[in-house]
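S.K.: Got a sequence here, can you build the structure:
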Amino acid sequence: MEKPLGISDFIIIAIMVLICIVTLYPVWNVTVISFNDSQDTMMGNIYLWPRKFSLESYRMVFMDKAIVQAFTITVLRTLIGTATGVFFTSMVAYAFSKRYILGSRFYLTVGTITMFFGGGLIPYFILLRSLGLYDTFLVYIIPGLFNFFYCIIFMTFFRELPASLEESAKIDGANDFFIFIRIILPLSMPVIATITLFAGVGHWNDYFAGVMFVNNPDLQPIQTFLYRVIASSSQTRSIVGMPASVSAQAVSSTSVQLATMVVTTAPIICIYPFLQRYFVKGVMIGAIKG
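M.R.: Numbers count the residues shown, from 1 in each chain. Sure, this is the predicted structure:
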């Protein structure tokens, strides 16, 4: 027989419901305003649902070639950067998980220091320029190939796997790379899904690299584009390809900004639930040694 809910249970539920409302309402309000008519939005007082429903802002967003180009760059960056970063970091972590590797303790110490101290923005900028990465698409990919924090999670997870698996594979003549690809990675799906989520969200939400290291407007990601739209002091934007029947005043800068926010946030919100079940499991397994 289930125990009936007490007063403390109702208090906890009420607090959690309040926290959910406070957390979700800003997202809901942004979405509602983005679906409201832009001229009506200027009157304010829109809270729970659109007062005058309109898709004009989204029409302008998807008709703007600059936004479509920025969205394409972001998708490519997220897919390529996440895949290469997770693979390279996991491969390095697999080597570090072997205590017999010469100099592994020294490299781990150096890597730990880099988590707390950095060389500064100017030296980093000079380094990227000297490597020929400035104003190229690779500036989004190569610097993110390795992340030491992710490496620690991978390394701890790999050390918990039974050593007998590798020993038996080596007896059958498998080399380290074959063992890593065919045995270790398939057994590491929870932690891989977790790091993939971390890295993917990081690539998708990053605007700073596009601001500091990219000058070509055709290479800016969607978050950088959105940052520049919000930072702009103009009240209206000139939309590329806008029909003559639609006046510039029909879409305010605020409505386009909010519609762009919804478009850029929706993919991550849709993907997250599919990886969320691996999230806690992967972090706990990779961060706590059993």
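S.K.: Could you use CA atoms for every contact and neighbour count after this?
M.R.: Fine.
S.K.: got a list of contacts for stretch 92-101?
M.R.: The contact list for stretch 92-101, computed with C-alpha atoms under 8 Å, 6 or more residues apart in numbering, reads 104, 108, 151, 152, 154, 155, 156, 158, 159, 180.
S.K.: quick one: the third one is in a helix?
M.R.: Yes: the secondary structure assignment for residue 151 places it in a helix, going by DSSP: H, G, I helix; E, B strand; the rest coil.
S.K.: before we move on, back to that, narrow the contacts of stretch 92-101 to those that are buried.
M.R.: Among these, those buried by neighbour count (16 or more other C-alpha atoms under 10 Å) are 151, 152, 154, 155, 156, 158, 159, 180.
S.K.: now the fourth one: how far from residue 106?
M.R.: When C-alpha to C-alpha, to the nearest Å is applied, the distance between residue 155 and residue 106 equals 15 Å.
S.K.: Same check on the last one?
M.R.: Residue 180 sits 23 Å away from residue 106 when distances are taken as C-alpha to C-alpha.
S.K.: So which bits of stretch 199-217 are buried?
M.R.: For stretch 199-217, by 16+ other C-alpha under 10 Å, it's 199, 200, 203, 204, 205, 206, 207, 209, 210, 211, 213, 214.
S.K.: ok, the residue nearest the centre of the chain - contacts?
M.R.: The chain has residue 201 as the residue nearest its centroid, 1.1 Å off, counting by C-alpha atoms, centre = their mean. Applying C-alpha under 8 Å, 6+ apart to residue 201 gives the contacts residue 268.
S.K.: So what does it look like in phi/psi?
M.R.: phi -60, psi -40 (degrees, to the nearest 10).
S.K.: The one 5 residues further on now?
M.R.: Dihedral angles of residue 206 (phi, psi; degrees, to the nearest 10) stand at phi -70, psi 120.
S.K.: For it, give me the pLDDT.
M.R.: For residue 206, the pLDDT comes out at 89.
S.K.: Tell me how many other residues crowd the nearest residue to it once chain neighbours are set aside.
M.R.: Distances taken as C-alpha to C-alpha, 6 or more residues apart in numbering put residue 223 closest to residue 206, at 6.5 Å, once the chain neighbours are dropped. When neighbours are counted by other C-alpha atoms under 10 Å, residue 223 registers 24.
S.K.: hang on, residue 223 packs against residue 205?
M.R.: Yes: here residue 223 reaches residue 205: they are 6.2 Å apart, a contact under C-alpha atoms under 8 Å.
S.K.: hmm, which two among the contacts of stretch 92-101 are most spread apart?
M.R.: The span of these, defined through C-alpha to C-alpha, is set by 108 and 180 at 20.3 Å.
S.K.: any chance of the contacts of stretch 92-101 in CSV, with distance to residue 258 and secondary structure too?
M.R.: Below are these laid out as CSV (distance: C-alpha to C-alpha, whole Å; DSSP: H, G, I helix; E, B strand; the rest coil):
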residue, distance to residue 258, secondary structure
104, 48, helix
108, 44, helix
151, 36, helix
152, 38, helix
154, 37, helix
155, 41, helix
156, 41, helix
158, 43, helix
159, 46, helix
180, 45, helix
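S.K.: and of those residues, the nearest to residue 63?
M.R.: In terms of C-alpha to C-alpha, no member of the contacts of stretch 92-101 lies closer to residue 63 than residue 151, at 41.3 Å.
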